[in-house]
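Novice: How does the following fold in three dimensions:
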Amino acid sequence: MGILALSYNDLPYYLKSCFLYCGIFPEDSKIEAWQLIKLWLAEGFIQRRGKERLEDIAEDYMHQLIRRSLIQVANRRVDGRVKSCRMHDLLRDLAVSEAKDANFFEVHENMDSTFPISIRRVVIHQNLINHDISQCLHNSSSRLRSLVSFSESIIEKKSWGYLQEHIKLLTVLNIETRVGGIGKSCKASIIHGRLVNLQSLDLGYTYCNIPHSIWKLKKLRHLECPLSKVSSQSQINKCVNGYLGVEQLTNLQTLDLKGGSWLERDGLGKLTQLRRLRICDWSTSYLKTQFFESIAKLTALESLNFFLPREHPKITLVNYLGLVWQKKNVTIDHHNKTLLPGLMPFSHHANLYELYLSGMLEKLPEQIEFYPPKLLRLHLWSCKLTDDPMMILKKLPSLRILVLEANAYVGKKMVCSSGGFLQLERLELFALHELEELIVERGAMSSLKTLEIDDCYKMKKLPHGLLELTNLEKLSLRGSCHESIKEIEEVGGEDWDKLRKIMC
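Specialist: Sure, this is the predicted structure:
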């Protein structure tokens, strides 16, 4: 531990807090880079450098720790940037020990551990279903800056009562747990303005009704509550207190919410710093033309996700709007319906590398200028496309990952024609229940490294041309192509030797 301590002591002062903070994550866990960065920011560890964006500075801090071998890269994004990282057990032990000595944070991993008397950061790992942590929150609440839970336990309602008394200094509230009464407690705190310093609110997949007063929290940079709905502001409240809307959160970098009345106006388009946007259940009566115009203005976006829950299988975007995309205009046309209909061209979204679209689409736009110029990852889910999407998607020059899932395509045949998908490295076909045949023509998908076909049970034969893909390293076939594999195995020879080397 002495050599490791020297590495820590040798760190510049601005990296020491960042290193220690990595110790809050559970042992052997993958640490999502974006999550680590947003927490560093909310804790105030990142120092400004001229006009650089704080998130970019934080990413540089992370790379410095990687270069010093204090954290390790676990996965990279499709654009080569760090997606997740890990911390060696010994280094994590050092971080936890140093943090405890400095009263920096307290990790509660043991049911029998002693609760801290006063601490700024509380991290909960252990399942505490029958364990009362009221004392912990009561003792810490007056100085508490962050509360992070990785536990699946139920936190009792009375524990949150202590937080409401002295919650004003809280900058981080990240709860990946089932929390008894968190909706009411969180709501009361927001209504009374006690969370004025909050920069990161992540309620995980907790169902919560959030009051419209959330829009008062102007320091928020990351709002991630995918199953939570923000209440509408009444006319009386608007008259008394003035209009409150999403456009007041001008510092937002991440927005992950259920669709609702907050989409009604064009406020979303004013969040020009927004990098990650996910709207869960966009099938809402509040979705109007202004919404699509707002998306066109968000040119800093890196990731865009429209998610439609399974409980709305028959809803299409066109049923809601009857919109058609025509160059630079959005017009109403109930006879010539094209999807994605109301979205404006993405030609100015130079940073948008990831696009996830869920919900029924009648057809994909054929114009190449519709798509982001540097799109690297495209995920289509339950789109029910009837025309072969490969004929259009093959034109995307930078596409590296393509995922078609849950009957994204309902045709019987897909063809990857010669010269198409030259940059594609990964193709995933999940639950395309009507697909019978995949043809890969010579010269197509020349860079493909991974092919996954799962639960395409009508697909009996291996993709035609598969064995000619010279760069293919991994082939995963679950619930698909079994007849063809058995035939090749029985014959043996060169084809079987190549196939068994890449199958997993």
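Novice: Quick check on L462: phi, psi?
Specialist: With angles defined as degrees, to the nearest 10, L462 sits at phi -60, psi 150.
Novice: And the nearest residue to N197 once chain neighbours are set aside, how far from L255?
Specialist: In space, not counting the residues next to it along the chain, N197 is nearest to T171; the distance is 5.2 Å by Cβ to Cβ, 6 or more residues apart in numbering. In this view, the C-beta of every residue, glycine as well, is placed from N, C-alpha and C. Distance of T171 to L255, computed by Cβ to Cβ, to the nearest Å: 18 Å.
Novice: What of Y13?
Specialist: As judged by Cβ to Cβ, Y13 and L255 stand 33 Å apart.
Novice: So if I had to pick from these two, which one is more boxed in?
Specialist: Of the pair Y13 and L255, L255 is the one with more neighbours under other Cβ atoms under 10 Å, namely 22 against 7.
Novice: And what about the more buried one, helix, strand or coil?
Specialist: Here L255 is recorded as strand under DSSP: H, G, I helix; E, B strand; the rest coil.
Novice: The residue nearest to N197: what's it in contact with?
Specialist: A42, E43, G44, R145, S146, N197, L198, Q199, S200, K219 (Cβ atoms under 8 Å, 6 or more residues apart in numbering).
Novice: So among those, which ones count as buried?
Specialist: Among these, those that count as buried by neighbour count (16 or more other Cβ atoms under 10 Å) are A42, E43, R145, S146, N197, L198, Q199, S200.
Novice: Those residues: which two are farthest apart?
Specialist: Between all members of these, the longest pairwise span (Cβ to Cβ) is found for E43 and L198 and amounts to 12.2 Å.
Novice: Between these two, which contacts overlap?
Specialist: Listed contacts common to E43 and L198 are T171, V172; contacts here mean Cβ under 8 Å, 6+ apart.
Novice: Pull out the buried residues from stretch 463-476.
Specialist: Of the residues in stretch 463-476, those buried by neighbour count under the rule 16+ other Cβ under 10 Å are P463, G465, L466, L467, L469, L472, L475.
Novice: Over to stretch 66-76?
Specialist: If you call a residue buried by 16+ other Cβ under 10 Å, then stretch 66-76 has these buried ones: L70, I71, A74.
Novice: Kindly report the same for stretch 35-45.
Specialist: Per 16+ other Cβ under 10 Å, stretch 35-45 contains these buried residues: Q35, L36, I37, K38, L39, W40, L41, A42, E43, F45.
Novice: and what of stretch 382-393?
Specialist: Taking 16+ other Cβ under 10 Å as the neighbour-count basis, stretch 382-393 is seen to contain the buried residues S382, C383, K384, L385, D388, P389, M390, I392, L393.
Novice: And for it, what's in contact with it?
Specialist: In contact with stretch 382-393 (Cβ under 8 Å, 6+ apart) are residues 308, 310, 313, 357-366, 378, 380, 399, 402, 404-411, 413-417, 420-421.
Novice: Selecting buried members of those residues in PyMOL, what would you type?
Specialist: Taking 16+ other Cβ under 10 Å as the burial criterion, the selection of buried members of the contacts of stretch 382-393 in PyMOL is written as:
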select buried, resi 308+357+358+359+360+361+362+364+365+378+380+399+402+404+405+406+407+408+409+414+415+416+417+420+421
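Novice: Okay, and which of the contacts of stretch 382-393 map to strands?
Specialist: L357, S358, L378, L380, L402, L404, E405, K413, M414, V415, C416 (DSSP state E).
Novice: how about those residues, which pair is most distant?
Specialist: Between any two of the ones in strands among the contacts of stretch 382-393, the greatest separation by Cβ to Cβ is 24.6 Å, found for S358 and V415.
Novice: mind listing the helices in the stretch 1-150 of the chain by residue range?
Specialist: All helices of the stretch 1-150 of the chain, identified by DSSP state H, counting those that start in this stretch, fall at 2-9, 13-21, 33-43, 54-67, 89-101, 134-140.
Novice: Thank you kindly, that will do.
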